[in-house]
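Novice: based on what follows, work out the 3D shape:
(one chain, ligands or ions: 3)
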Amino acid sequence: MEFSIKTGDLSKHKTGCVLVGVWDSKKPIASAAALDKLSGGAISAAAASGDISGKVGSTLLLHGLQGIGAQRVLLVGIGDEKAYDAHVFCKAITAAFKALKSTAVTDVTVPLQVRFKKDMAHKVEQAVIAAIDAAYRYTATKKSDTKNAGKSVTFFLDGKADTKALNAAIKAGNAIGESMQLTKELGNLPPNIATPAYLADTAKQLAKDYGFKATILEQKDMQKLGMNTLLAVSKGSHLPPKFIILEHNGGKKTQKPVVLVGKGITFDTGGISIKPSAEMDEMKYDMGGAAAMLGTMKMVGMMKLKLNVVMLVPTCENMPGGNATRPGDVVTSMSGQTVEILNTDAEGRLILCDALTYAERYEPEAVVDAATLTGAMVISLGFHTTGLFANNDALGWELVQAGNAAHDKAWLLPMGEEYDEMLKSNFADIPNISGGRAGGAITAACFLARFTKKYKWAHLDIAGTAWKSGADKGATGRPVPLLSKFLLKRAGA
Ligand code: BES
Ligand code: MN
Ligand code: ZN
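Specialist: Ligands and ions are numbered 1, 2, ... in the order given. From the prediction side, this is the model:
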């Protein structure tokens, strides 16, 4: 997609579609007065018609307006004039690009008022992400039923602004948007295509494109390292497991890296503790953490971040079978701690714990993992907010803030002794489930915390936020925006 910045007379500007905000008082935004006048009042008349409520995100597409350069005007509700802020802008712009998704519009103009200078770069970045996000089409195994992915977006300024900052915002927004597309595509691909080997190939391609160092550990390498909890999950599957490592050395040699870890279960049947069959197809998204980390690495590469970043993706399938792990099996993790696998469906933590132990060798500045880890997470925070856990308060709040800044929210949940004590086994150092359903997302995090004592660590449970069910079933690309903001800030970009 192309993004550009222009200044001049908006009413003469030739474009497929110009966006115009409408308050819930049914009045168009004051800055559109000239457009309205030249079009003979068609804009204000349409806004007042009742065909658009003015509620944030409501839209109405107008055709054939006379006297202006734009072929179409998209009215976009921006709510109460007194409550208007950057957040409302971002919500409205997302709705606008969504509405244009099913039209033939290929170039869109977004007017910006320089009197809102302070938020402008943020708005531009978010608009770029929204435009790219709306342009995403899944076509790998199905013809697209919608026509046009938007091709270009022009930000039209009504005066002088810091174009350097705006171009930087376009660059960052573009990197985040493109990276979310990769994350979505990997998530949406069927589990017979997006296998562990496919994720490894994707990582190798990223390494080629952006100069990362790629290392793929094979089953025998993992055996040598003693990654027995990971291998226990993989045992029932005919597909070989992979342990994917990407290293980006953008910072000083002496700088400790940020290590990203993503859960890469390419299909989760539950194993011998098999899941009910309803909606089991959605367990292809159980590599959402891995997809998000691969996406985030693309962003790191596109932005050439001046930061050392390592990505670790343990990936395999969780299948039943004659060779599958049994409930009751005890295995020794790479850390040396023995684990009693009481439920083979609690497999995410089993592949993650060995990856978290492997992370120690980097003496990391911080480790952040993302995983579609627990159904309990969906029950606690629903589909809008990612669950966040951390063994270090500063790191936890840093990620909360990154999520807020990216409109990709996460919220901190507790861990602590009382929950940790729920993890008791008569036959191993730790069981992989707590026994009851209470606090399931928390006890899962506490399990991981047993393997992260040597560094600052945060865990994102994205079970509710990585994909959507229902008619709009599909990966969301989250938490790439949150992780991107976090890393961009750390890199001083
Ligand atoms: N991948 C699932 C978690 C999940 C479930 C994500 C539903 C999104 C929607 C995970 O591997 C799992 O099966 N967790 C179990 C853990 C339980 C056995 C302690 C769960 O949440 O039911
Ligand atoms: Mn499972
Ligand atoms: Zn799983």
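
Novice: give me the pLDDT for the residue of the stretch 51-200 of the chain at minimum distance from ligand 2.
Specialist: Going by C-beta to the ion, ligand 2 is nearest to residue 191 of the stretch 51-200 of the chain, at 13.7 Å. Just so you know, the C-beta spots here come from the backbone N, C-alpha and C atoms, and that holds for glycine as well. Listed pLDDT for residue 191 reads 98.

Novice: so what's it up against?
Specialist: 266-267, 283-284, 317 (C-beta atoms under 8 Å, 6 or more residues apart in numbering).

Novice: quick one: which of the residues you listed is nearest to residue 227?
Specialist: Of all those, residue 227 sits closest to residue 317, with 15.7 Å by C-beta to C-beta.

Novice: next SSE after the strand or helix carrying residue 170?
Specialist: Element membership of residue 170 [criterion: DSSP states H and E] is helix 163-188. Downstream of helix 163-188, the first helix or strand assigned by DSSP H and E is helix 196-210.

Novice: so which bits of the protein are right by ligand 1?
Specialist: 268, 286, 343, 345-348, 372-376, 378, 433, 440, 463 (C-beta under 6 Å from any ligand atom).

Novice: nearest to residue 220, of the residues you listed?
Specialist: So of those, ranked by how close each gets to residue 220 (C-beta to C-beta), first place is residue 347, at 21.1 Å.

Novice: isn't the closest one up against residue 233?
Specialist: Yes: look at residue 347 against residue 233 with C-beta atoms under 8 Å: they come within range, at 4.4 Å.

Novice: find the residues that touch each one of the two.
Specialist: Common neighbours of residue 347 and residue 233 (C-beta under 8 Å, 6+ apart) are 265, 271, 318.

Novice: thought the second one was touching residue 319?
Specialist: To tie it back to what came earlier, the one meant is residue 271. Yes: with contacts counted by C-beta under 8 Å, residue 271 reaches residue 319, the gap being 6.6 Å.

Novice: now the strands for the stretch 51-200 of the chain?
Specialist: Assigned by DSSP state E, counting those that start in this stretch, the stretch 51-200 of the chain shows strands spanning 59-63, 72-79, 107-112, 152-157.

Novice: and the angle from the last one to helix 163-188?
Specialist: Between the axis of strand 152-157 and that of helix 163-188 there is an angle of 150 degrees, by axes from the mean of the first three to the mean of the last three C-alpha atoms, to 10 degrees.

Novice: what does the second one give?
Specialist: Taking the same axes, to 10 degrees, one finds that strand 72-79 is oriented at 90 degrees with respect to helix 163-188.

Novice: contacts only, for residue 441.
Specialist: Contacts of residue 441 (C-beta under 8 Å, 6+ apart): 373-374, 376-377, 380, 387, 413, 461, 463.

Novice: now name the helix or strand holding it.
Specialist: helix 440-449.

Novice: check whether that helix comes near ligand 3.
Specialist: No: if you take C-beta under 5 Å from the ion as the test, helix 440-449 misses ligand 3, and the best it gets is 10.3 Å.

Novice: what of stretch 454-468?
Specialist: No: Stretch 454-468 is not in contact with ligand 3 by C-beta under 5 Å from the ion; minimum separation 8.4 Å.

Novice: just the buried residues of that stretch, please?
Specialist: By neighbour count on 16 or more other C-beta atoms under 10 Å, the buried set for stretch 454-468 is 455-467.

Novice: gap between the two ends of that stretch?
Specialist: 35 Å (C-alpha to C-alpha, to the nearest Å).

Novice: and the chain, which of its residues are near ligand 2?
Specialist: Counting by C-beta under 5 Å from the ion, the chain sits next to ligand 2 at 268, 345, 347.

Novice: about what we covered before: from the buried residues of stretch 454-468, which single one is nearest residue 126?
Specialist: For the buried residues of stretch 454-468, the nearest to residue 126 is residue 465 (17.7 Å; C-beta to C-beta).

Novice: show me where pLDDT drops low in the stretch 151-300 of the chain?
Specialist: For the stretch 151-300 of the chain, no stretch is flagged by pLDDT under 70.

Novice: and the residue of the stretch 51-200 of the chain closest to ligand 2, backbone torsions?
Specialist: phi -70, psi -10 (degrees, to the nearest 10).

Novice: from residue 118, how far out is the residue in the chain positioned nearest to ligand 2?
Specialist: Closest approach between the chain and ligand 2, counting by C-beta to the ion: residue 345, at 3.9 Å. From residue 345 across to residue 118, the span is 49 Å (C-beta to C-beta, to the nearest Å).

Novice: let me see the contact set for the residue of the stretch 101-250 of the chain found nearest ligand 1.
Specialist: Closest approach between the stretch 101-250 of the chain and ligand 1, counting by C-beta to the nearest ligand atom: residue 233, at 9.5 Å. Contacts for residue 233 (C-beta under 8 Å, 6+ apart) come out as 241, 265, 271, 316, 318, 325, 344, 347, 350-351.
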